[in-house]
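S.K.: what's the 3D shape of this:
(2 chains)
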Amino acid sequence: MISEVIILQNGRVIDPMNQTDGIVDIWLEDGRIVAPRAVAPAGTCRYDLTGKWVMPGLIDIHVHLREPGQEYKETIATGTMAAAAGGFTAVACMPNTRPVNDSAAVTRLILDMAANCTARVYPVGALSRDSRGEQLAEYGEMKAAGAVALTDDGMPVTDSQLMRRAMEYATSHWLPVISHAEELSLSRNGCMNEGPVSTRLGLRGIPTAAESIMVYREIALAELTGARVHIAHVSCEASLALIRLAKKRGVKVTAETAPHYFALTDEAVDGYNTHAKMNPPLRSEVDRMAIREALADGTLDAIATDHAPHSVLEKEVEFNYAANGIVGLETSLPLGLSLVHDGLITAGRMVELMSCAPARILGVPGGRLAAGDPADITVVDPDRRFVFSAAECRSKGRNTPFDGRQFRGKAVLTIMNGRVTFTDL
Amino acid sequence: MEQLSVQDIQHVIAAARSFREISARSIKKVPTLRGKTIVNLFFEPSTRTRTSFEIAAKRMSADTFNIAASTSSATKGETLIDTARNIEAMNPDIIIIRHSCSGAPQLLARHIGSSIINAGDGAHEHPSQGLLDIMTILDHKKDLAGLKIAIIGDIAHSRVAVSDILGFTKLGATVCVAGPATFIPAAVENLGARVCRTVDEAIDDADVVMALRIQKERQNDPLIPSLREYSIHYGINRRRLTHAKPDVLVMHPGPINRGVELSPDVADGPSSVILEQVKNGVAVRMALLYLVMGGEKGGEAQGDI
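M.R.: Presented below is the predicted three-dimensional model:
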């Protein structure tokens, strides 16, 4: 179907996997990257990308697409439109749908619905049946159907024996286990970070220990079982210290953080702003700075959004009763670029965090711009200034703390499988 | 209390003092708020605060309506905002809200136009209690500046503690808090309080000792082993009180667990001003209603006192 040649000209190609950072033309044909030829065929489509950055398509390994079951919050179609607009060519969707994605049937359903959407969708299977934390789900069947990892995400695994068995069994199917690290007995009834702000607002706090205790458990179990463990949405310094040490010892642990943990602190909750309520909660400035440092020094492998669309039904309520989570697909790249503009990381490191490492963690294609690779490409205008408006989100969710924020830099052209899925050139 | 300036606080207290005299008359009613409609929207059981606001409103000739959570639509799944919008459609002048969730009054203030008075939200604030506590202290001490005020007990789950700490320190008092560590919230120093290791240290040379209620209903969270041990180690009794100033005031926001936070002889003793607090509560709430309705300060108090 796609037989025309697309040439991306004059852009700065940032491809850390191939140690490329310079002005190079990229040729695309039949959904793949191809080697440039001497003469372009008739009908070739050319994009002059002078001043733009051309990078392997961004991959978000932690999103909630809500379908099947909660289509009033998001659908696979709207979620992937948001992904494309945010510069993502692929997303991994969490299994807390209704029904839970704990079987090959649900995995296949998701992939069927995603077939004509504007981003690749990689289903993450449930770690336990119905994510109840009791019995293992059928990893082999889910993997065969297309699942790329396992997690009970929002339903933290309290039973350490189950987690151990899940890790062991996952190694037999070459699947990574993603951990939402939360010790529920410490976080129960809490709704924000424990600290000066929670005391001032009279809200029950969640200490950072609720996260770090479980991060340590996952590291210990990864060491015991040899499994590949990925720690989701790390929010605090205490967890980072443990991950840093574990990596030094050679434990197969990887970790992500979400943009809000390096962009905001618990001060954002002020005024009982339910758009600043998520789990784990926004932490202190000390934690925020530690997250930024860990993004630079490699302790954190990836940036993932934890895109969690909710409707006003879940958010325009008392803070205690509000649902956790914010949308993130359309603000992740601008926030990632802010780290580059701040001089904290290089553009190459940002590509590593948002494309290369995500592909590696999930064992999926992408993260690289070599001939023969899928034509998944994100083009960024690093200096385009704009005011982000929640009302203009492609996502059905408007639950973002970044409404009205001034950003510098955004995706201006997203190409997935050789097809333009978003353009704002 | 967080939003009130020192001038605001003094203004409310001055108004409350002028209204206090009304409650001592044989005909305890003035026409100030005649024709005004005041709704008590209580999502949490409360006898004294609700009654205090109701008496305050009635003494000023306002029409009052009480909506308790058990009889409201909350149990039918209606959201707080919808409930409030429905009430607002009937044109009340003031909605007084008590809610178990911190921030509920702020949520309402964002979504409806009526004036809102916070009668206690979660573990956040109880501003009218803070104001009546200030008024009571000022009845006995010239000024709060320079006073040492000890607040003993469950600081972490007390909205009274937050409003008191903020109010007392704004007026220049030193506030010392004490209690078992399970009752001391994270970073309470940031509110302006000093944390004392022992009750005796907090009470030492204190001008005011405020005991807070132990919420027995919190027993699913293991905060203290027993009320018995609490009363022995943290209860205010005559012996402990000897270390305070001779003219110390003993206060309690009520309701008291006699023999737990306060020994009965202290609760009923000469230093106790607990019933004065209740009396001043009506006056402070009259002042709040008056000022929110326009008083002499215009609409400034609109929103969330």
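S.K.: give the contact list for the residue nearest to A:Glu138 when sequence neighbours are not counted.
M.R.: In this structure, A:Glu138 finds its nearest non-sequential neighbour in A:Ser103, 6.4 Å apart by CB to CB, 6 or more residues apart in numbering or on different chains. C-beta: built from backbone N, CA, C; applies to glycine. By CB atoms under 8 Å, 6 or more residues apart in numbering or on different chains, A:Ser103 lies in contact with A:137-138, A:141-142.
S.K.: Just give me the neighbour total for the closest residue to A:Arg249 other than its chain neighbours.
M.R.: Once flanking residues are discounted, A:Arg249 sits nearest to A:Glu223: 7.5 Å by CB to CB, 6+ apart. Residues lying near A:Glu223 (other CB atoms under 10 Å in any protein chain shown) number 16.
S.K.: I'd like to know how far A:Glu223 sits from B:Cys176.
M.R.: Going from A:Glu223 to B:Cys176 by CB to CB, to the nearest Å gives 48 Å.
S.K.: Tell me the residues of the stretch 51-200 of chain B that contact chain A?
M.R.: When proximity is defined as CB under 8 Å from any CB of the partner chain, the stretch 51-200 of chain B approaches chain A at B:79-81, B:99-104, B:106-107, B:111, B:121-125, B:156, B:159, B:162, B:185-188, B:190-191.
S.K.: and with 6 Å instead?
M.R.: With CB under 6 Å from any CB of the partner chain as the criterion, the stretch 51-200 of chain B comes near chain A at residues B:79, B:101-104, B:106, B:122-124, B:185-188, B:190.
S.K.: Any quick PyMOL command for the buried ones out of the residues you listed?
M.R.: This is how PyMOL selects the buried members of these, with burial counted by 16 or more other CB atoms under 10 Å in any protein chain shown:
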select buried, chain B and resi 79+101+102+103+104+106+122+123+124+185+186+187+188
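S.K.: Same list, the residues of the stretch 51-200 of chain B next to chain A, but as JSON lines with pLDDT please.
M.R.: As requested, those are exported to JSON lines (pLDDT from 0 to 100):
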{"residue": "B:Thr79", "pLDDT": "87"}
{"residue": "B:Cys101", "pLDDT": "94"}
{"residue": "B:Ser102", "pLDDT": "95"}
{"residue": "B:Gly103", "pLDDT": "96"}
{"residue": "B:Ala104", "pLDDT": "95"}
{"residue": "B:Gln106", "pLDDT": "94"}
{"residue": "B:Gly122", "pLDDT": "93"}
{"residue": "B:Ala123", "pLDDT": "94"}
{"residue": "B:His124", "pLDDT": "96"}
{"residue": "B:Pro185", "pLDDT": "95"}
{"residue": "B:Ala186", "pLDDT": "94"}
{"residue": "B:Ala187", "pLDDT": "94"}
{"residue": "B:Val188", "pLDDT": "95"}
{"residue": "B:Asn190", "pLDDT": "95"}
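S.K.: Sort out for me which of the residues of the stretch 51-200 of chain B next to chain A are in helices.
M.R.: Using DSSP state H, B:104, B:106 are the members of those that sit in helices.
S.K.: what's the closest of the residues of the stretch 51-200 of chain B next to chain A to A:Asn320?
M.R.: Set against A:Asn320, the nearest of those by CB to CB is B:Cys101 (4.5 Å).
S.K.: count of neighbours near the residue of the stretch 301-425 of chain A at minimum distance from chain B?
M.R.: Residue nearest to chain B within the stretch 301-425 of chain A: A:Glu318 (3.7 Å; CB to the nearest CB). A count of neighbours around A:Glu318, defined by other CB under 10 Å, yields 24.
S.K.: for the residue of the stretch 201-305 of chain B found nearest chain A, helix, strand, or coil?
M.R.: Going by CB to the nearest CB, chain A is nearest to B:Asp221 of the stretch 201-305 of chain B, at 8.1 Å. Put simply, B:Asp221 is coil when judged by DSSP: H, G, I helix; E, B strand; the rest coil.
S.K.: where are the low-confidence patches of the chain?
M.R.: All of this refers to chain A. A:1-3 (pLDDT under 70).
S.K.: Correction: the question concerned chain B.
M.R.: For chain B, applying pLDDT under 70 flags the ranges B:70-76, B:217-220, B:296-305.
S.K.: about what we covered before: tell me the contacts of the residue nearest to the residue of the stretch 301-425 of chain A closest to chain B when sequence neighbours are not counted?
M.R.: The spatial neighbour of A:Glu318 that comes closest, neighbours along the chain excluded (CB to CB, 6+ apart), is B:Cys101 at 3.7 Å. By CB atoms under 6 Å, 6 or more residues apart in numbering or on different chains, the residues touching B:Cys101 are A:318, A:320, B:122.
S.K.: Now the nearest residue to A:Asp266 once chain neighbours are set aside. Its backbone dihedrals?
M.R.: Leaving aside its sequence neighbours, A:Asp266 sits nearest to A:Asn193 (CB to CB, 6+ apart; 4.1 Å). Per-residue torsions, A:Asn193: phi -60, psi 140 (degrees, to the nearest 10).
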